[in-house]
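Participant: Coordinates only, no sequence provided:
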């Protein structure tokens, strides 16, 4: 299981209000979590199930929200989650293990905004890809501590906002770069 930091990639959708856009850009800095289950066919190649997600939130008092008006307390939350099968490879020595993987699968996007007293929710599902590379130190024959870097990639133009279909003029990036520390268990 890995925990770390992710930075959302891609062009920001501009609202026309520079102060609101500045608050919205805070959502680029995310908490990252990943679970990966691997099975190796031989000493270096195998398959895995990769599940990762980013979470970010921002809030601001006394702000003008485009299309909604003045908000005394704005709250924003975003989650981008990926799940997919992966091809994985590894190289190990007595004390270290290096591994990498690439996976394809659905990427899910959920955003919630509360400009005043009720939540407005947007969601989307698209096709995505995730890849990562990590190195770990074996603290025992069955347990390791490691660091991992990678990307989760995806984009979409089709959303549902409070259940209503919406198509953006330009694709919205669901991509992020991540760096995480992890603890692994082996049989």
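Facilitator: Here it is on my side, so go on. Since the structure is predicted, the reported quantities are computational estimates derived from the model, not experimental observations.
Participant: which residues sit against the helix or strand bottoming out on mean pLDDT in the chain?
Facilitator: When each helix and strand of the chain is scored by mean pLDDT, DSSP states H and E, helix 18-25 comes last, with a mean of 86. Applying C-beta atoms under 8 Å, 6 or more residues apart in numbering, the contact partners of helix 18-25 are 12, 14-15, 58, 60, 63-66, 74, 76. C-beta coordinates here come from the backbone N, C-alpha and C atoms, glycine included.
Participant: Likewise for stretch 69-76?
Facilitator: Stretch 69-76 is contacted from outside by 23-24, 26-27, 57-65, 111-116, using C-beta under 8 Å, 6+ apart.
Participant: At the geometric centre of the chain, which residue do we find?
Facilitator: Centroid check for the chain by C-alpha atoms, centre = their mean gives residue 54 as the closest residue, at 3.4 Å.
Participant: what sits against it?
Facilitator: Neighbouring residues of residue 54 by C-beta under 8 Å, 6+ apart: 6, 8, 30-32, 78-81, 152, 176, 178.
Participant: in stretch 168-182, what counts as buried?
Facilitator: Residues of stretch 168-182 classed as buried: 172-176, 178-180, 182 (neighbour count, 16 or more other C-beta atoms under 10 Å).
Participant: List the contacts of the residue located most distally from the centre of the chain.
Facilitator: Taking C-alpha atoms, centre = their mean, the residue of the chain most remote from its mean C-alpha position is residue 94, at 32.7 Å. Residues in contact with residue 94 (C-beta under 8 Å, 6+ apart) are residue 138.
Participant: so how far is the longest strand belonging to the chain from its chain's centroid?
Facilitator: Longest strand in the chain, counting residues (DSSP state E): strand 69-92. Averaging C-alpha positions (C-alpha atoms, centre = their mean, to the nearest Å) puts strand 69-92 3 Å from its chain's average.
Participant: coming back round to it: angle of the least confident helix or strand of the chain against strand 69-92?
Facilitator: Put simply, helix 18-25 runs at 30 degrees to strand 69-92, going by axes from the mean of the first three to the mean of the last three C-alpha atoms, to 10 degrees.
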